[in-house]
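[1] Test case, fold it:
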Amino acid sequence: MAARARAEELRFECVPEVRVMAWADPSATAECGSERTNLPDAVEPGVTYRGFEISWRAAARLSDQ
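    Numbering: from 1, shown residues only. You can find the predicted model right below:
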């Protein structure tokens with residue numbers, strides 16, 4: 001799964017809480033990651049970020065059982 005977002009302007013009123021969880025039955029392995037342009041990993045409340053882009057992806061693989 002993958003997603004990409006771009007915006008001319010973005011402002012956070014509070015620091016967002018972000019969690020990504022993956023699970024499966026039977027067990028699986030999973031990973032995710034993001035790449036950001038003009039947007040720090042830890043955003044600050046009240047700061048306006050301009051001209052940003054973020055790409056996010058997640059992948060999971062079922063184990064052979």
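[2] By mean pLDDT, flag the weakest helix or strand of the chain.
    Within the chain, no helix or strand scores below strand 28-37, which has a mean of 88 by mean pLDDT, DSSP states H and E.
[3] so how far is that one off the chain centroid?
    Distance, stretch centre to chain centre, for strand 28-37: 7 Å (CA atoms, centre = their mean, to the nearest Å).
[4] what about the strands in the protein?
    Here the chain has its strands, by DSSP state E, at 2-11, 28-37, 48-62.
[5] quick one on the thing from earlier: and the least confident helix or strand of the chain, what other elements does it pack with?
    Applying 3 or more CB pairs under 8 Å, 6 or more residues apart in numbering; DSSP states H and E, one finds that strand 28-37 contacts strand 48-62. C-betas here are computed from N, CA, C, even on glycine.
[6] what lines up beside the strand it packs on in the sheet?
    Sheet partners assigned to strand 48-62 using DSSP bridges are listed as strand 2-11 (antiparallel), strand 28-37 (antiparallel).
[7] If you average the pLDDT over that strand, what comes out?
    Strand 48-62 carries an average pLDDT of 92.
[8] what sits up against it?
    1-11, 20, 22, 24, 26-39, 43 (CB atoms under 8 Å, 6 or more residues apart in numbering).
[9] Next: stretch 6-23.
    28, 30, 32, 39, 42-53, 58, 60.
[10] please redo it, this time with the cut-off set to 6 Å
    Applying CB atoms under 6 Å, 6 or more residues apart in numbering, the contact partners of stretch 6-23 are 30, 32, 43, 45, 48-50, 53, 60.
[11] Tell me the spacing between Phe52 and Ala5.
    Distance check for Phe52 against Ala5: by CB to CB, to the nearest Å, it reads 8 Å.
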